[in-house]
Structure formats: C-alpha cells, structure tokens
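*Asks:* I'll drop the sequence and a predicted model, then ask my questions.
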Amino acid sequence: MVADPCRFPVVTGLGANRIDRTPCATFLQRSGSFRKLRHPRVGTHATAAMFRFRKKPHGPFDDTKSVQRWIASLPVNDPLAGQGELLLELRRLAERTARRTPAGLAAVFIVDTKANRVVRTLMAQYAEHANRSSKIENQLWHALFDLTQGFQTCYAAFAREIANHSQHGKWQELLPELLTRQLVHLGHDAKIRLYRCEQWIPAKWTELHATFTRACALKLERQPIVLNAKSGATTIEREYLAVLLLLRADPGNLIPHQVEWVAAQLHEWCQPLRLTVEARAALTFYVDLAGSAGLRRRALGPLDGRVLFVDLQPLHAQFVQKHSELEKTAKTDPRTDEALQRRAQLDLFARIASRIDPEFKPVARRGDRTPASGAVDAIIGFNNITGYLREDSSLPATGLDAGRSFANTMDLAVFGRTRTEPDTKLEYARRRLAAFSTSGGPWEMKDMSASGFRLHAPMSVATEVTLSMLVAINRGGTDAWVMGIVRRMRRLSANRAEIGLQLIASALIGADLVEQRKDDDANYAAAGEQAALAGRRFRGLFLSFEKRAGDPPVQSLIVPPAEYQPAKRYLLQMPGSARPIRYGRLLEQTSDWLWSVVEALEPDAAATGAAPDA
C-alpha cells in the first residue's frame, strides 16, 4: 500500500521525538512549521488545545469549595450589593437549562445560611428607616422580597430535580433539608408582606400545605434537621407551625418592629406545639391541608377535608401570665420611659392573646357599624393636612378674580353680581384639593361607626399609607372635614386595599402656635398677642371631637414631635381667635406627629378634660 504524500506527521510515542518521515513531514521540518505540530508535552498551549478537551469553567455554586471562595469575595459593608449578586446566581440556577447537581444544592444550603446575616441587616434597616422615606422603604422592601423569592424559585427547581431522581441516594439525602428551607422562606415571604399589612393569596397557602403534605407522606415532618449550628435543630413540623402561627397572631395593624419581635419568638412558642389527627379539646384550632387558609378556630359541627388540630391553650396561658406580670411592673413606676415601653408591650400582648385564644370573645364595640357608601376625598399625612388647611384659611383674592372678563363686568352692571363667581370658587377649590389629596383619586366608604370608618382605597395610594398615619376625609364634597388615624390595613386585591380609621376629630382647624417669651414674672401672665408674636411660630392641628350628640366637645392638639415642650406656654392662634395654652397629657406619639391634650390658661377657656380614646 502506497503512503499518501499529503499525510500529516503522526506522533508515535508520548516522549516522542520519533516521527513518520513522509515527504510532507520532511517539508514541514525543513520549513520550520513542524514546531507547531509537536506533541503537547513539548509544544505550545495552542497545540495542546488541539489534542485534548477544554474543561468547562467552574461556577460559584458547583461545589462547597467554590461557593466558600465566592462568599468571601462578596462586599461585606454593602448588603444591597451582596443581595444583587446573590440574586443573579440564584436566578441562573433556577433556569430550565441550568445544570443542577447534589453538590450544587449543598452549595446553595451554605449560601442560604450565610445570607442570614444580610437578611438580618436589611430587616433591621427596614424597621429603623422605613418611615423616613417612601423611596428607602420601597428599596429595602423589594431587596428583602426579591431575595426570598429567589431562594423559593431556586429551591422549587431543585425539588423538581429530586422528583425526577427518586431512586438517587444523594438527591434523597438532601430532601429533608430542602423541604425545611422551603418552609423557612415561605415564612420570610409572609413576614415581609406583613410589613405592608399584606395577606397571602390562596395560592401561597396551597404551596405551604403542599410542601408540608409531601414531608408527611415521606414521614419526614418530625426528623431533626440542623439548618444553623447556632440555633440548634428544628423540624419541618415546627417550621410549618411557625408560619401558621405568625399569620394567625397578626391582628392586621402591627408595625415592622412588632412583626420582627413576633417572628423572633416563634421558635420558642412552637417548641411544645404538635399537630394531631384528633382534637385534644372541644375548643381548639385546626388547619385544612386541602384548603387555602391558615389556622382557624374550630366551630361546632363536623369538619371536612384533610384536617389537623393544634392546641394553643398552653401558649395562650403563657401570654396571660406574661401580660399580668408586665401590668404589675408598669404600675410601680408609670412615668418612666420604660413604663411607656411596657404599656406598648401590654397592648401587643393583649392583641396577640385575643388572636390565639380558643375561646373567642368578641370585643364590645362602642357603636354598631352601619353600612355607608359614596366617594370621599382623602388627604394623608400631617404636612399635607396642615398645608391644605393653611390654604383654606387664606384664600387669595387674585385666585377668585382670575376669571374676570367683560361678560362678568356686564353681569355686575345688570344683575349686581357675577354669575360665574361660584364656578370660579369651585374650580379653585378643586385645584387646591388636587394639590394636597391622594393621587389615586377618591376613596370609597364601606361602613362607619361612632369610633371610625372602613374605607377602600386604590392600591396606588395604599402603598404610601402606613399604620398610625393621619388621614383627613371629606364626604359628599362638603366643607366638613373629619380626621382619623390608620389603625388597620388589608390588601384586598391587586387594585384595592381596605383601610380602617379610628376617628379622633369631628372637626379640625389649622392653627399657629407662637412661643411666648418670659420677660419677667410680673407681666408674663398678662402677656398678650403683641408680645407673643415675637416668639417662634409653627403649625399645628386643633381638634374637636364629640363622642355623643349633645356632649361638650373634647379638644386636643397635634403638633410636630420636636415642638412638644410641656414646660413652655404658647399662644394658640386660629382664624378669629387667639388664647394662651400649655400642653397637657401626652396621648400618642409617632415619628411624624404628636397628639396632646390642650390645657387652657385663661379662666374662661373651655376645660379640655380628656381627649378621645386612643
């Protein structure tokens, strides 16, 4: 057989300086091009790539060593930047075409444990700074929400992978921890939504029950699992109960700081709790694994579905005991700052205890709710309300005369009045209201009582409303404005939210407070308006509230928190009147406003007594 003259040189050994001396090989050797075709051991890197496969580059989640190096490279002092990089990797792993292995899932577990520090930092920042700016609140909230959604999506992709490898030992060993972490992040999802008073939709409840049902089918619900060495072992049943109890304990008006406190206590609260097939008492709570709701009080009669029972009576007894201890401690020294914190804790314990009490005792209302309907104009926030009332008290004459024309002059000559003046006033009032009212349009009244209102608001404005925010509303386009405090919020749909207002003022007036200077003791009490005008001036809201028809009105005052100085005297200036006052008993305080009793200094001034019940 004749050799092919165009044949390339062939390496005949690994050490191989021996080559096939074909004419083509001789030509290449003489021309100097043979050096490019030498064996990889003695050739260049480009030649090496021709004789062996290139290794696929490693990703940060391929194994535990890679993920440890990747975690060390994350910025330590910038939790938002670390959250962004982590979210990108989780989304990459959740893609349909991504390659998922048991080692990769173990790496995700490590990242999940390390990410707790970032999550705690972001949650602490949210609880502290969310009320300062809606932009900061939105940024922190979405950072937390997107991160827990990223873990949930990634774990769901690995759960499908394990279902496809039901006989694979390494995959099945990771299943208990995977199910536990899925429940943990469902709990994070519920907690983050409670920051904005948002409840779960039925699909989230179905996902929660399906995850626990899968663990029960495999008999994994009470298997000890260590997610974090510092916190000790937990179980799937305990994490499932923690989510149920968090959503059951929330009365709908907890601030983020209180939500965080409740979530921190869940590990201890769920220690003695167990889910049983049969009820241990007639009055207990149950959960339907085939339903789309959480814990419910058992009613008289049979129950349908896949029902499990949990006895919350021991936990309720602990709340009652803790409440009595705090109450005794608060009575010993009621004027200190610690006593104020204890009273806030007392209120929180009372609300949670009523939610987990198997023997439901409805709270007696001060008045029956009556159905109501119609659109109402709403102004939210202390600054917007005071700004609107300031404009109302000083209507510019130029604004009312802007529509004057030759036709109006003829109307004055013929009829003695301007026929278009009411229209001009109405148009000016609309523009003024649009400058201070909510951007989503009017709210809808649902029902009312002697103590408050239930309203439906557009979701576009509900994201700006927070608990303990002041809201002034006006029904039917009249001049009568009333004011309340947001006490309860609930998301109804993607477009509507329900807001509960506690009524604190049946009439409100924008007022100026002028600090009176103390020149000397002789003329201080007789200091009038002339001397007071030289002092510092700031805005406030003077409130009048009638509990029942015919009763004398109860008067109070809302001012900025920095202006509350009980030892000083002020001149309260309202349209057509002025009188010296001093702050009385403090009723309620937030970061934006302070509510206080008014103590009149003139003998003939109306006694203020007490303000409306907070």
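*Replies:* Yep, it's here.
*Asks:* Check what pLDDT residue 422 gets.
*Replies:* The model reports residue 422 with a pLDDT of 54.
*Asks:* pLDDT below threshold where in the stretch 301-450 of the chain?
*Replies:* Within the stretch 301-450 of the chain, the segments meeting pLDDT under 70 span 330-340, 361-367, 391-429.
*Asks:* which stretches of it form helices?
*Replies:* 313-332, 337-356, 382-393, 397-400, 406-415, 421-436 (DSSP state H, counting those that start in this stretch).
*Asks:* Could you tell me the model confidence score at the residue most central in space within the chain?
*Replies:* The centre of the chain sits closest to residue 195, judged by Cα atoms, centre = their mean, with a distance of 2.2 Å. At residue 195, the model reports a pLDDT of 88.
*Asks:* Likewise for residue 595?
*Replies:* At residue 595, pLDDT is 90.
*Asks:* what number of residues lie near it?
*Replies:* 22 (other Cβ atoms under 10 Å). Every C-beta, even on glycine, is put in place using the N, C-alpha and C of the backbone.
*Asks:* now swap in residue 341 and tell me
*Replies:* There are 12 residues near residue 341, going by other Cβ under 10 Å.
*Asks:* same question, residue 256
*Replies:* The tally of other residues near residue 256 (other Cβ under 10 Å) stands at 23.
*Asks:* Would you enumerate the residues in contact with it?
*Replies:* Contact criterion Cβ atoms under 8 Å, 6 or more residues apart in numbering gives 126-127, 130, 195 as the residues in contact with residue 256.
*Asks:* tell me the least confident of the residues you listed?
*Replies:* Ranking the contacts of residue 256 by pLDDT, residue 130 lands last with 75.
*Asks:* shaky segments in the protein?
*Replies:* Using pLDDT under 70, the flagged stretches of the chain are 1-59, 330-340, 361-367, 391-429, 476-479, 517-534, 549-550, 602-614.
*Asks:* and the longest helix for it?
*Replies:* In the chain, taking DSSP state H as the definition, the longest helix is helix 134-164.
*Asks:* Any buried residues in it, and which?
*Replies:* Of the residues in helix 134-164, 137, 139-141, 143-145, 147-152, 154-155, 157-159, 161-162 count as buried by neighbour count, 16 or more other Cβ atoms under 10 Å.
*Asks:* Tell me which other helices or strands it touches.
*Replies:* Applying 3 or more Cβ pairs under 8 Å, 6 or more residues apart in numbering; DSSP states H and E, we find helix 134-164 packed against helix 79-94, helix 102-129, helix 169-195.
*Asks:* quick check: domain ranges of this protein?
*Replies:* Following automatic domain parsing, one gets these domains for the chain: 1-54, 64-250, 316-356, 370-504, 506-600.
*Asks:* Residue 286 is nearest to which of these?
*Replies:* Comparison of the domains of the chain against residue 286 by Cβ to Cβ identifies domain 64-250 as nearest, at 10.5 Å.
*Asks:* give the contact list for residue 131.
*Replies:* Shown in contact with residue 131 (Cβ under 8 Å, 6+ apart): 137, 466, 590-592.
*Asks:* quick one: which of these is most hemmed in?
*Replies:* Scoring the contacts of residue 131 on neighbours with other Cβ under 10 Å, the highest-scoring entry is residue 466 at 22 neighbours.
*Asks:* Wait, that residue touches residue 486, no?
*Replies:* Yes. Here residue 466 reaches residue 486: they are 7.0 Å apart, a contact under Cβ atoms under 8 Å.
*Asks:* Next one: the residue nearest to residue 464 when sequence neighbours are not counted from residue 461, what distance?
*Replies:* Leaving aside its chain neighbours, residue 464 sits nearest to residue 134 (5.9 Å; criterion: Cβ to Cβ, 6 or more residues apart in numbering). In this view, residue 134 and residue 461 are 11 Å apart by Cβ to Cβ, to the nearest Å.
*Asks:* Could you do residue 510 as well?
*Replies:* Taken as Cβ to Cβ, the span from residue 510 to residue 461 is 23 Å.
*Asks:* Enumerate the positions of stretch 173-187 that are buried.
*Replies:* Across stretch 173-187, burial judged by 16+ other Cβ under 10 Å covers 174-187.
*Asks:* which of the residues you listed are the two that sit furthest away from each other?
*Replies:* Farthest apart among those - using Cβ to Cβ - are 174 and 187, which lie 20.2 Å from each other.
*Asks:* Would you mind measuring from residue 105 to residue 112?
*Replies:* In terms of Cβ to Cβ, residue 105 sits 10 Å off from residue 112.
*Asks:* Pick out whichever of the two has more residues nearby.
*Replies:* Per other Cβ under 10 Å, whichever of residue 105 and residue 112 has more neighbours is residue 105, with 24 against 21.
*Asks:* Quick check: that one touching residue 178?
*Replies:* Yes. Between residue 105 and residue 178 there is a contact at 6.9 Å, judged by Cβ under 8 Å.
*Asks:* Overlap in contacts, the two.
*Replies:* Going by Cβ under 8 Å, 6+ apart, residues that sit against residue 105 and also against residue 178 are residue 158.
*Asks:* and the longest strand for the protein?
*Replies:* In terms of residue count, the longest strand belonging to the chain (DSSP state E) is strand 577-589.
*Asks:* could you turn that one into CSV, dropping everything but the C-alphas?
*Replies:* This file holds the C-alpha atoms of strand 577-589, laid out as CSV (Å, rounded to 0.1, in the frame of the first residue of the first chain):
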residue,chain,number,x,y,z
SER,A,577,-59.4,83.9,67.9
ALA,A,578,-56.2,83.6,70.0
ARG,A,579,-55.6,82.2,73.5
PRO,A,580,-52.7,81.1,75.6
ILE,A,581,-52.3,77.4,76.2
ARG,A,582,-49.9,74.8,77.5
TYR,A,583,-49.5,71.2,76.6
GLY,A,584,-51.3,68.7,78.7
ARG,A,585,-51.2,64.9,78.9
LEU,A,586,-49.4,63.1,76.1
LEU,A,587,-51.8,60.8,74.2
GLU,A,588,-49.8,59.4,71.3
GLN,A,589,-46.6,60.0,69.5
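*Asks:* now it against helix 337-356, angle please.
*Replies:* For strand 577-589 against helix 337-356, the angle by axes from the mean of the first three to the mean of the last three Cα atoms, to 10 degrees is 60 degrees.
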